[in-house]
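Undergrad: Sharing a model that was predicted from the sequence below.
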Amino acid sequence: MPATQMTMRYGHPEGHTDVCFDDSGSCIVTCGSDGDVRIWKDLDDDDPKSINVGERAYSCALKKGKLVTSVSNNTVQIHTFPNGTPDGILTRFTTNANHVVFNKDGSKIAAGSGDFMVKVVDVMDSSQQKTFRGHDAPVLSVSLDPNDIFLASSSCDGSVKVWQISDQTCTISWPLLQKCNDVINAKSICRLAWQPKTGKLLAIPVGNTIKLYKRETWKNEVDLSDNFITLPLNVVTWSPCEKYLAAGSINGCIVVWNVETKDCMERVKHEKGYTICGLAWHPTSRQIAYTDAEGNLGLLENVCDKDGIKSSSKVSGMGNKDYNDLFDGDDDNDNADNSNFLNENLEFQLTPKGKTNYEDDEDDLMLAAGYSKHRNHILEDDDSSVEVASIEKGSYHEKDEEKDEQTHAMPLMTSQRPFYDGPRPSLPQKPFQSGSTPQHLSHRFMVWNSVGIIRCYNDDQDSAIDVEFHDTSIHHATHLSNTLNYTIADLSHEAILLACESTTELASKLHCLHFSSWDSSKEWTVDMPPNEDIEAICLGQGWAASATSALLLRIFSIGGVQKEVFSLPGPVVSMAGHGEQLLIVFHRGTGFDGDQCLGIQLLELGKRKRQVLHGDPLPLTKKSYLAWVGFSAEGTPCYVDSEGIVRILNRRLGNTWTPICNTKEHCKGKSDHYWVVGIHENPQQLRCIPCKGSRFPPTLPRPAVAILSFQLPYCQIATEKGQMEEQFWRSFIFHNHLDYLSENGYEYEESTKNQAIKEQQELLMKMFALSCKLDREFRCVELAELMTQNAVNLAIKYASRSRRLILAQRLSELAVEKATELAATLKEEEEDFRNKLNTSSTTEWSQPMVVNHKVEENNAKDSEEDDEIEEKTDLHKNITSSSQGRVNPFKVSASSKEPAISVNSTSSNILDNMKKLSKKSTVPNRTANKEKSLVLKPLIPKPKSKQVLATNFFQTCTSQTEKIEEKENPENSLSESPALSAQNIENERPKTGFQMWLEENRSLILADHPSFSEESDIIKEGINRFRILSDEERKEWAKKAKGGTTNEVEINETETKKRKQPSNDHTKEKEEEKTKENVNLSKKRKSLAVSTNQKLSAFAFKKD
């Protein structure tokens, strides 16, 4: 039967790793780049003994209780095995020793170094040394003849030499290898080997073949090769019986030959294709231990075991016991019949391909095959079961030895043996808690997240849990006893959640410490049903969840009330919670070739319960597994795989996953990793802990948190275009959470969204300008499609000034299309809004609102400068009134300041006013302001900026005539609501000197700052310039305002100047003439003229 490949495990950090067995084969010894020698009882040993021998260990050898290692300090050291007591230094070199081996009886060692020398040293007396010089490059490997006559060595100079030990002369040299200048550049380390007992043959890996040279004659007797080998072989080892030879290649292939028949007996492929750099055959059984260049340790069992006998009698006995236990309910006769039946089936299985007795009855053959398949499934379903063939064969030897001899009288030809080289199932990933370190550690992190840290200490004397909060205002640090052996934990702003596995006496428990509870009872515990263990837990806002081994997910309230229970599609891998969101990762199926087949569910557990992700496949890097899953601080699902790729959910692209960072790019060494503890979208930060030579940090000393930046994997990131594209889309993705918060009724900082939009539009304009320079006009239009209305207008100006008239025309058409689409959307929203007003008897829109009169009250006390600036600022903030009962609530108009609003009047500025009032109401509450990033308060409905822009553009472009007619006939509106108009006229104020100065100098400000697209920017710049003026100039402007702002004809001329933009001198002359001619008229019609003029000036202001 083919060899059984056990799942590899982590042994050492990435780098060259060596392996050997002790004399009895009871343990495996490895050494690696971390300078440790580890002693493994078996492959499942989670706590191997470790002996530190230096900074790096390149090779190790073990014989008769003596452990010899070649270390990075250019020495070959010896230690007592297994306690690891140092016994001194055997020899020194001027550079590192690359390989060290024992002779047959363990009395001597041979070592080859990077200084071109080979030494043979007596173990008992290290002064007895022999040095062999002759290589012209670093020595790759050495091997001692079991008869202590010859020594073989390979070197980077391309030669393989055989030395006479007695006189230290070179017997023969073969130029077999490719030359190189150092070991790290060698295609193969060429680990050659003598036959362990007789030493008749010397095996040398050369390219894709093994060359066997005969002793004394030094002739190439045999070449062993196979089509399975595609890249050079790296290392060889003989079986203790000298009958078989195993070799490992640089692409992870392990092949075993029968030297006598030259047949290939085994073909095994490394599960990840890493270089095989260490190979050792068990001294008594059919096992091969191997290591790869990534520091992993693997094991092959039943190598060349054609009889199906297990490598260890202990394992076989256990298998027979388990097999008998399967049929405890049957009587002895049934057991005997079942055993005989399985043995007969085994006879069919072990018959070589092409040698099956086809003369037997076909019905009997089909029946046997069917029963065999049935029994296989029974045994595989049992956790403690072993391979069927070994169990069957053990029973077979006990009862039917004669039949066994007849069955296996015919030799098993490997060329006829079936060989499967297809995908192999991957071991499913075990459940884990994000932010935790492995459970077998005595001191470990149970969880590390954005709230705090939970550590667990399991000593012989005490078992305890420490809880630490990053913000001590949430809760003080807590120390808990761990008598129930809690293994899983989670932490939130409300509670601590713990879970433990079941034992023979106790059920699996879920324990919650609700420290934010307002009553005195702050703890509750729930026992799981029998045979149901908790495998993953998480906390959200007001709820807790646990996933169990029964494929159930149980939801509890934070106070301990059992709520929903539902089934999971597969075994859980991990869970995470944030607010109302619950994220579940589970196994969708079986992965192959090292890949995991995972699915993900995203649920919202608020008032509107719904499922966002319905078990969709979770994308992972090839041959990787899930390392961390959770939410960003803003509530966006994220996860990290074992290859360091960080991905985030892109809600605007159909809930797809976008890679945003590769932590491997920030690692200095190949064996270094980053352990993620949190992700922030604003500011963009990946919070993680650097781990040198490992995947997780120790608890002591306290690890330091590093902050990494994000970068999307865009093409040509070194170019200016690629950088701006990456920055734009990264900003776009990292501000998606603002739309999610808005849609779900949460508050957020409006300035954050405005800043993001501004940043994105600036990047688009830069890319637009770059495309114009490169004559990519079609690309310019594509970029303009991503812009806002104001940015498109700037792009049109840029194209016009660049004399790209066709591009400007295209952009103008695009601007009209955008305005039409937004206007249609606005119309739909307006209809919905009217329907809501009609259906609701009393709403917040119909309540009278009081406008803040603070600026009016302070006008008399403040200086003229402050008065003018405040009046100008308030001109664009206050609420306009209308005489109609119901008008367009989204219509934007600019009029004079009013102290109150009638019940029936509405406008778009009402929304703005409500926003300001809500902000002022929260100003005294500092605690609420601190928690703005985590607020869960319902949003007050606010108009979207796109709607306002669309309204402005649509009204100014499509209904200018209607507006002009309406504004030129103010008597109509005054007659419809005389009371309201009279009240407005009484409270209206004349223009200030700052307003008049701004109207005069607006063109200059825009000429100096063409990028100003918002009115607020122009006003701010105007304020700064107005303050620079001298006191006399400001007083003159104030006098002009008192004497001339009530003149209707003068303001009409100002409107004409804004539209036609004549020269400043000509405008001033007209203003002076009009002022002299119409002083009396303006005094008589003062109140009416102000209202009309301000409406017209606002229209001209918007048009400009």
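TA: Here it is on my side, so go on. Numbering: from 1, shown residues only.

Undergrad: Which neighbouring elements make contact with the one helix or strand Lys836 maps to?
TA: Element membership of Lys836 [criterion: DSSP states H and E] is helix 805-839. Judged by 3 or more CB pairs under 8 Å, 6 or more residues apart in numbering; DSSP states H and E, helix 805-839 is in contact with helix 777-784, helix 789-801, helix 945-958. No exception for glycine: its C-beta is placed from N, CA and C like everyone else's.

Undergrad: looking only at pLDDT, what's the mean for the first one?
TA: Taken as a whole, helix 777-784 carries a mean pLDDT of 94.

Undergrad: Identify each buried residue in that helix, please.
TA: Glu777, Arg779, Cys780, Val781, Leu783, Ala784 (16 or more other CB atoms under 10 Å).

Undergrad: Please name the nearest non-neighbouring residue to the fifth one.
TA: Sequence neighbours aside, Phe768 is the residue nearest to Leu783 in space, at 4.9 Å (criterion: CB to CB, 6 or more residues apart in numbering).

Undergrad: Checking my notes, the one you found in a helix, right?
TA: Yes. Looking at Phe768 with DSSP: H, G, I helix; E, B strand; the rest coil, it is inside a helix.

Undergrad: Pretty sure it sits against Glu777.
TA: No. Counting by CB atoms under 8 Å, Phe768 stays clear of Glu777, with 10.3 Å between them.

Undergrad: Not counting sequence-adjacent ones, nearest residue to Leu497?
TA: Using CB to CB, 6+ apart, the nearest residue to Leu497 is Asp490, at 4.5 Å.

Undergrad: typed the wrong thing, it's Thr636
TA: His737 (5.2 Å).

Undergrad: Now the one you found: which helix or strand?
TA: Assigned by DSSP H and E, His737 falls in helix 736-743.

Undergrad: For Thr131, list the residues it contacts.
TA: Residues near Thr131 by CB atoms under 8 Å, 6 or more residues apart in numbering: Met117, Val118, Lys119, Gln168.

Undergrad: Over to Arg554?
TA: So Arg554 contacts Ala545, Ser546, Ala547, Thr548, Gln562, Val565 (CB under 8 Å, 6+ apart).

Undergrad: Could you say which helix or strand holds it?
TA: Using DSSP H and E, Arg554 falls in strand 552-557.

Undergrad: Please give the centre-to-centre distance between the next helix or strand after that strand and its chain.
TA: Using DSSP H and E, the helix or strand that follows strand 552-557 in sequence is strand 562-567. Strand 562-567 sits 29 Å away from the centroid of its parent chain (CA atoms, centre = their mean, to the nearest Å).

Undergrad: so what secondary structure elements neighbour whatever helix or strand comes next after strand 562-567?
TA: Per DSSP H and E, the first helix or strand lying C-terminal to strand 562-567 is strand 572-578. Judged by 3+ CB pairs under 8 Å, 6+ apart, strand 572-578 is in contact with strand 534-539, strand 543-548, strand 581-587, strand 626-631.

Undergrad: Just the buried positions in strand 572-578, please.
TA: Buried-residue list, strand 572-578, by 16+ other CB under 10 Å: Val572, Val573, Ser574, Met575, Ala576, Gly577, His578.

Undergrad: so how far is Tyr290 from the fourth one?
TA: Okay, so that is Met575. 37 Å (CB to CB, to the nearest Å).

Undergrad: same thing with the third one?
TA: Applying CB to CB, one obtains 31 Å for the distance of Ser574 from Tyr290.

Undergrad: returning to what we had before: weakest of the helices and strands packed on helix 805-839 in terms of mean pLDDT?
TA: helix 945-958 (a mean of 45).

Undergrad: picking that back up, got the angle for the strand holding Arg554 vs strand 581-587?
TA: 160 degrees (axes from the mean of the first three to the mean of the last three CA atoms, to 10 degrees).

Undergrad: in its sheet, what does strand 552-557 sit against?
TA: strand 543-548 (antiparallel), strand 562-567 (antiparallel) (DSSP bridges).

Undergrad: how about it as CSV, C-alpha atoms only?
TA: Taking C-alpha atoms only, strand 552-557 is exported to CSV below (Å, rounded to 0.1, in the frame of the first residue of the first chain):
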residue,chain,number,x,y,z
LEU,A,552,-25.8,25.6,16.2
LEU,A,553,-25.5,29.3,16.8
ARG,A,554,-27.1,30.5,20.0
ILE,A,555,-27.8,34.2,20.5
PHE,A,556,-28.3,35.6,24.0
SER,A,557,-29.1,39.1,25.3
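
Undergrad: which parts of it are buried?
TA: So strand 552-557, judged by 16+ other CB under 10 Å, has buried residues Leu552, Leu553, Arg554, Ile555, Phe556.

Undergrad: Stretch 758-771 now?
TA: Gln760, Gln761, Leu763, Leu764, Met765, Lys766, Met767, Phe768, Leu770, Ser771.

Undergrad: Now those residues in CSV, please, with extra columns for distance to Glu1036 and pLDDT.
TA: Shown next, in CSV, are these (distance: CB to CB, whole Å; pLDDT from 0 to 100):
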residue, distance to Glu1036, pLDDT
Gln760, 44, 93
Gln761, 39, 94
Leu763, 44, 94
Leu764, 43, 94
Met765, 39, 94
Lys766, 42, 94
Met767, 46, 95
Phe768, 43, 94
Leu770, 47, 94
Ser771, 48, 94
